[in-house]
Structures are given as structure tokens and as C-alpha cells.
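Colleague: Need the 3D shape of this:
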Amino acid sequence: YLDLRPSLSEIRRNFRKSYLNIINKKIENKILIFDGVEKNSKIWSDFKNLHFAEAKRKTRSDLSWQYQLDNIYKKKALLIYSVHKDEMIAGSFFDISSDEAYYSVGAYNELAKKNFLSHHIQNQAIKEFKTKNIKWYFLGKYSPDNISEDKKKEYSISFFKKGFSSNIVNNSLIQI
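Modeller: A predicted model of the protein is given here:
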């Protein structure tokens with residue numbers, strides 16, 4: 001989790017130091033917000049296509065994508081993204097409520113990864129959540145260091161998100 005109640009400068013003190021170096025560098029690509037004010041299904045279609053291209057397979061149903069788009073229009077979610085030469089190269093979708101934001105899904109092509117756009121998008125998301133007076137940002141579950149080879153991608157994503165967090169919450173799982 002990231003506690004969003006402190007000032008932005010205080011929040012940034014929790015960021016991994018290497019992230020601050022990245023975020024403080026000027027980037028060529030603008031970070032944009034699709035919040036449903038303007039009905040633009042092309043933005044959503046571009047994000048969906050980027051996700052498909054990077055995953056190299058269809059990972060979810062079209063209905064689940066439609067639910068997410070509907071939530072944007074209902075002000076229950078937003079997409080923060082970046083475009084290069086009229087092509088979406090990066091994007092992250094966030095669910096939001098009055099008190100909490102939740103990182104749901106992201107897609108980044110090689111150019112976006114090379115330019116660390118995921119860091120800039122997270123930073124922009126945090127700023128946006130602050131303007132909405134959201135108190136907590138749930139970045140996702142934390143994967144411990146002792147992971148199996150087939151879980152390396154999950155660990156890598158978890159490690160990235162942990163660099164923005166202020167609190168790690170241990171959830172016990174009871175197995176019967």
C-alpha cells in the first residue's frame with residue numbers, strides 16, 4: 001500500500017531512491033489521463049490492443065474489458081497512458097473509490113520500458129489520486145523473495161510496485 005494522506009513530497013520520500021532519479025528526469029512522451037470525461041473508445045481499444053500485443057495472447061474476456069471501460073465512464077476507474085508517434089506505448093488501469101485506488105492492469109511496449117514510462121505513470125497516478133483526496137493506493141500483492149522460477153515475472157512486478165509503497169500488509173492464508 002501507499003498512504004496518500006501525507007504531502008506529495010513526504011510520499012516521494014518512501015519511493016525507492018533509484019525511482020526518484022528516473023521520475024525527476026524529463027521525458028519526451030506526455031503522460032495522459034483517460035477518465036471518461038470525453039467518450040473516446042479508441043483510447044480504450046488502443047490500450048486493449050497494446051495489452052494483447054505485449055501478452056502475446058488474449059488473457060481476459062472482452063466482457064471484462066467492457067466492464068473496465070464502463071467503470072471509467074462511471075468515474076470508478078481511470079487509465080493513465082502515453083503515446084509515441086500516434087501509437088499508445090504504455091498504459092495502466094486503476095480502479096478508484098472515494099478512499100482507495102487499486103492498480104489493476106498495465107501494458108508497456110519495449111520503447112516504454114526503455115524510457116521507464118511505468119515509473120512516470122505511477123508517479124502521475126499518485127498525483128491524480130491526491131487531487132481526488134484518495135487516502136490509500138493498493139499497488140498489489142507482494143511476492144516474497146523466495147519464489148520459484150515460474151513466478152519470476154510476478155516477483156519482478158511485485159518488486160517494482162514495492163518501490164512506491166509505504167506499507168506492506170501481511171495477509172495470512174490458512175490452508176486446510
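Colleague: any idea how far the residue nearest the centre of the chain lies from Ser165?
Modeller: Note on the chain: the residue nearest the mean C-alpha position is Ser92, at 4.2 Å, using CA atoms, centre = their mean. Separation of Ser92 from Ser165 (CB to CB, to the nearest Å) stands at 15 Å. Where C-beta positions appear, they are placed from N, C-alpha and C, glycine not excepted.
Colleague: go on, Lys74?
Modeller: From Lys74 across to Ser165, the span is 27 Å (CB to CB).
Colleague: neighbour count winner among these two?
Modeller: Legend: neighbour count by other CB atoms under 10 Å for Lys74 and Ser165, higher for Ser165 (19 against 9).
Colleague: Skip the chain neighbours and tell me the closest residue to that one.
Modeller: Spatial nearest neighbour of Ser165, excluding adjacent residues (CB to CB, 6 or more residues apart in numbering): Leu2 at 5.3 Å.
Colleague: okay, the one you found: pLDDT?
Modeller: At Leu2 the predicted local confidence, pLDDT, stands at 86.
Colleague: Could you count how many residues lie near it?
Modeller: 22.
Colleague: Starting from Tyr155, give me the distance back to the closest residue in space to Asn40 that isn't next to it in sequence.
Modeller: Leaving aside its chain neighbours, Asn40 sits nearest to Phe34 (6.9 Å; criterion: CB to CB, 6+ apart). Per CB to CB, Phe34 is found 30 Å from Tyr155.
Colleague: likewise Ser61?
Modeller: Ser61 is 27 Å from Tyr155, by CB to CB.
Colleague: still on that earlier bit, shouldn't the residue nearest to Ser165 be in contact with Tyr137?
Modeller: Yes. Proximity of Leu2 to Tyr137 meets the contact threshold set by CB atoms under 8 Å, at 4.2 Å.
Colleague: what touches both of these two?
Modeller: Shared contacts of Leu2 and Tyr137 (CB atoms under 8 Å, 6 or more residues apart in numbering): Ile126.
Colleague: the strands in this protein, which residues?
Modeller: 2-3, 31-34, 77-84, 87-96, 100-108, 136-138 (DSSP state E).
Colleague: Taking strand 100-108 as reference, get the angle to the third one.
Modeller: By that I understand strand 77-84. Relative orientation of strand 77-84 versus strand 100-108 (axes from the mean of the first three to the mean of the last three CA atoms, to 10 degrees): 30 degrees.
Colleague: follow-up on the earlier one: settle it for me: which of Phe34 and Tyr155 has more neighbours?
Modeller: Neighbour comparison, Phe34 and Tyr155: the larger count goes to Phe34, with 20 against 16 (by other CB under 10 Å).
Colleague: List the contacts of Phe94.
Modeller: Shown in contact with Phe94 (CB under 8 Å, 6+ apart): Ala77, Leu78, Leu79, Ile80, Ala101, Tyr102, Tyr103, Ser104, Ala125, Phe129.
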